[in-house]
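Q: Any chance you can model this:
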Amino acid sequence: MFSRLRQWARTIKREVHALYIAARHPRTPWYAKALALVIAAYALSPIDLIPDFIPILGFLDDVILLPLAIAGVLKLVPADVMSESRATAAVVAQLPVSRAASAAIVLIWVAAIGLTGWLAYRYFGPP
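A: Coordinates of the predicted model:
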């Protein structure tokens, strides 16, 4: 059962990446581009519509809403564009992951959070 869930999660991740690639394709209609970018951003964002710590409902958006949204946008993107995007996403998925790039992104987030905290303390902190 866990292997099926893991495979399903990989499929969703690959479809989200393919949607992102399709959103950048010139033959994709503008409304499909907009929806595909919104769904890809939501799927990759750590912020959820329904927070995951809420029992049962927290995973509702990840399990039901996200796949439905992906399926809806897939109907708007031309089939040939989507097949090209899926092929590109499959090739990119085989590439090695750069740990240095991951560390750089984490450092940028830590610096941004630190700067925000420092500015909040400076301007809204004790007089």
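Q: Just the element for residue 90, please.
A: Taking DSSP states H and E as the definition, residue 90 sits inside helix 79-94.
Q: which residues touch that helix?
A: 14, 15, 17, 18, 19, 21, 22, 25, 27, 28, 74, 77 (CB atoms under 8 Å, 6 or more residues apart in numbering). To be clear about C-beta, it is placed using only N, CA and C from the backbone, and glycine gets the same treatment.
Q: again, only using 7 Å
A: Helix 79-94 is contacted from outside by 14, 17, 18, 21, 22, 25, 27, 28, 74, using CB atoms under 7 Å, 6 or more residues apart in numbering.
Q: With pLDDT, secondary structure and neighbour count added, can I get those in JSON lines?
A: Below are the contacts of helix 79-94 laid out as JSON lines (pLDDT from 0 to 100; DSSP: H, G, I helix; E, B strand; the rest coil; neighbours: other CB atoms under 10 Å):
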{"residue": "14", "pLDDT": "86", "secondary structure": "helix", "neighbour count": "15"}
{"residue": "17", "pLDDT": "89", "secondary structure": "helix", "neighbour count": "20"}
{"residue": "18", "pLDDT": "92", "secondary structure": "helix", "neighbour count": "27"}
{"residue": "21", "pLDDT": "92", "secondary structure": "helix", "neighbour count": "21"}
{"residue": "22", "pLDDT": "93", "secondary structure": "helix", "neighbour count": "28"}
{"residue": "25", "pLDDT": "93", "secondary structure": "coil", "neighbour count": "18"}
{"residue": "27", "pLDDT": "93", "secondary structure": "coil", "neighbour count": "11"}
{"residue": "28", "pLDDT": "93", "secondary structure": "coil", "neighbour count": "21"}
{"residue": "74", "pLDDT": "89", "secondary structure": "helix", "neighbour count": "17"}
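Q: nearest to residue 41, of these?
A: Nearest to residue 41 among the contacts of helix 79-94 is residue 17, at 12.3 Å by CB to CB.
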